[in-house]
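J.: With the sequence up front, the predicted model follows.
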Amino acid sequence: MISRREALVAGLGAAAGTVLAGCGVSAGATPRRRRVVVVGAGLAGLGAARVLKGRGIDVVLLEARERIGGRVHTVERFGTKIDLGASWIHDSRGNPLTEVARRAGLQTVPTDYEAVLARFAGGEPVGAGQLERVLATYESIQSSLYRRARRSPRSPLAPALQAELSRRRLSTGDREVLDWVLGVEIPLDLAAEPGALSLDGYYEGETWKGGPDLMIRGGASQLVEAVASGLEARTGVKVKTVSRDGRGVRVVTASGETIAADGCVVTVPLGVLKAQSIRFDPPLPARQRRAISGIGFGLLEKTFLSYGSAWWPQDIQSLGTVGEPLARTVAAFELARVTGTPLAVGFTGGSWAAELERAGTTSEEVVRSLRSGFGDQATPQETLSTAWRSDPFARGTYSHLAPGTDASWRTVLGRPAGRLVLAGEHTSVARPSTMDGAWLAGQAAARRLASSLG
């Protein structure tokens, strides 16, 4: 996956007499180079490794998968390349990954979320006037929820949302359209239904300077390759234990190898931390353990839909059938302008997506939903659904703030525990659940650790 590499792994087969990280050197001796283990070669881990290397620190970059990229994963299917995981550069104007893509010569395609075609079950279209009216109601609800979030960020979203909906006198049709819009904005954006979110979970995050969200022709893994240029990861290496003391850390792998280092940055997804797949000795501080338990880790699954020809209008990008409960929202996005093939991708999110994955019926439900509004033309020739919940190295897609938590919990999660720092999108206050948030969080963690090493 890395096209241009430069060796960074040093001394992995060190003899038993190797001096532990943090010990002094004799007078007149050349100071020993510091060494840091970075666990996980997703964007956070790659960002951390880049900063550490730039500070003259030896980096041992370990990745449990047989590839780098983590939840960014492009594969070849349906005669093109598709992103099973993260695929958008959000808020492209000012987003640092936009510049990475430009320098790498990647072709980007802007997204227009207002190019929507929605229908009721049975095929009746949602009129432009009705959609505009419902969107105005949604914006009013959103503003009110944001005000509530500023006053009481840890309060649960669900009762506050229900109170706002009860205040509005909507027709049955308008309410169905509103539920679809809310479904797109909550379970399909935040990867969790309202009952799983705090008000801050609905409100959190910041934007850059605007601009359209961008997709990358040929897949987002090209972005990973650009970020990883000059780095080398040891893939297929599972970390079992991270031990630390005042002198440094020891990382033990599943094969029994022990790696001594001055410090460690752990960038595995929050779902992996929740599963306790890595043992920390001594345990992480109590506040961090509480944050790992309290912050939610959600699910957004994709179902790719391959057609003989594109049946949707050329000026349309998003498709959906209204009338389902908010938590069971399905929305599809056409990919033809990105892949050059008649392909679309349907989304399911939150606990319903987990139910569908367990039952093995994700594709069927996505197709059923589209067919109910768009008829037989929405029946694909072939489908492929992701299964991030079942992935042992992910256990979901990205984090969210659950009831009782606010953004300060992310800050706690990213605080150093001695010479150990956790990093990833789950530690980003400004940009959680985004590629750039993960990348920048890894860099920030590396700077904190490097400063502590002197």
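T.: Noted; the coordinates are in hand.
J.: residues making contact with the top helix by length along the chain?
T.: Assignment by DSSP state H gives helix 128-151 as the longest helix of the chain. Applying CB atoms under 8 Å, 6 or more residues apart in numbering, the contact partners of helix 128-151 are 116, 118, 155, 157, 160-161, 164-165, 168, 170, 173-174, 177-178, 181-182, 185, 199-200, 202-203. Yep, even glycine has a C-beta here, placed from its N, CA and C like the rest.
J.: Filter those residues down to the buried ones, PyMOL style.
T.: The PyMOL selection below is limited to those of those classed as buried (16 or more other CB atoms under 10 Å):
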select buried, resi 116+118+155+157+160+161+164+165+173+174+177+178+181+182+199+200+202+203
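J.: related to what we said a few turns ago, rounded mean pLDDT for the longest helix of the chain, please.
T.: The average pLDDT within helix 128-151 is 97.
J.: Please, where are all the strands along the stretch 1-150 of the chain?
T.: Under the criterion DSSP state E, counting those that start in this stretch, the stretch 1-150 of the chain carries strands at the ranges 35-39, 58-63, 74-77, 80-83, 88-89, 108-110, 116-120.
J.: Mind putting these into CSV with distance to residue 259?
T.: Formatted as CSV, the strands of the stretch 1-150 of the chain follow (distance: least, CB to CB, whole Å):
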stretch, distance to residue 259
strand 35-39, 6
strand 58-63, 6
strand 74-77, 30
strand 80-83, 32
strand 88-89, 34
strand 108-110, 38
strand 116-120, 51
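J.: Quick check: which of those strands has the most neighbours on average?
T.: For the strands of the stretch 1-150 of the chain, the largest average neighbour count (mean count of other CB atoms under 10 Å) is found in strand 35-39, namely a mean of 28.
J.: rewinding a little: tell me the angle the very next helix or strand once past the longest helix of the chain makes with helix 128-151.
T.: Beyond helix 128-151 on the C-terminal side, the first helix or strand identified by DSSP states H and E is helix 157-167. Inter-element angle recorded for helix 157-167 and helix 128-151: 130 degrees (by axes from the mean of the first three to the mean of the last three CA atoms, to 10 degrees).
J.: Rounded mean pLDDT for helix 157-167, please.
T.: 97.
J.: who's in contact with that helix?
T.: Applying CB under 8 Å, 6+ apart, the contact partners of helix 157-167 are 141, 144-145, 148, 175, 178, 182, 194-195, 197-199, 201-202, 403.
J.: on that earlier part again, buried residues, the longest helix of the chain. List them.
T.: Buried residues in helix 128-151 (16+ other CB under 10 Å): 131, 133, 134, 137, 138, 141, 145, 148, 149.
J.: how far does that helix sit from the chain's center?
T.: 26 Å (CA atoms, centre = their mean, to the nearest Å).
J.: With only the CA atoms kept, save it in CSV.
T.: These are the backbone C-alpha positions of helix 128-151, laid out as CSV (Å, rounded to 0.1, in the frame of the first residue of the first chain):
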residue,chain,number,x,y,z
ALA,A,128,-39.4,20.8,-4.3
GLY,A,129,-41.8,23.1,-2.3
GLN,A,130,-42.5,20.5,0.3
LEU,A,131,-38.8,19.6,0.6
GLU,A,132,-37.9,23.3,1.0
ARG,A,133,-40.6,23.7,3.7
VAL,A,134,-39.4,20.7,5.6
LEU,A,135,-35.8,21.8,5.4
ALA,A,136,-36.8,25.2,6.9
THR,A,137,-38.4,23.3,9.8
TYR,A,138,-35.3,21.1,10.2
GLU,A,139,-33.1,24.2,10.4
SER,A,140,-35.3,25.7,13.1
ILE,A,141,-35.2,22.5,15.1
GLN,A,142,-31.4,22.3,14.6
SER,A,143,-30.9,25.8,15.9
SER,A,144,-33.0,25.1,19.0
LEU,A,145,-31.1,21.9,19.7
TYR,A,146,-27.8,23.8,19.4
ARG,A,147,-29.0,26.3,21.9
ARG,A,148,-30.0,23.5,24.3
ALA,A,149,-26.6,21.9,23.8
ARG,A,150,-24.7,25.0,24.8
ARG,A,151,-26.8,25.1,28.0
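J.: Look at residue 340 and say how many residues are nearby.
T.: Residues within reach of residue 340, counting by other CB atoms under 10 Å, total 11.
J.: all helices of the stretch 251-400 of the chain, in order?
T.: With helices called from DSSP state H, counting those that start in this stretch, the stretch 251-400 of the chain shows them at 270-274, 286-294, 336-339, 350-359, 362-374.
J.: just to revisit the earlier point, among the contacts of helix 157-167, which are in helices?
T.: Among those, the members that lie in helices (by DSSP H) are 141, 144, 145, 148, 175, 178, 182, 199, 201, 202.
J.: Looking at the residues you listed, which two lie furthest apart in space?
T.: 175 and 201 (23.5 Å; CB to CB).
J.: These two: who's more crowded?
T.: Between residue 175 and residue 201, counted using other CB under 10 Å, residue 201 has the larger neighbour count: 30 against 17.
J.: ok, now which ones touch that one?
T.: By CB under 8 Å, 6+ apart, the neighbours of residue 201 are 157, 190, 192, 296, 400, 401, 402, 405.
J.: That's all I had, so thanks and see you.
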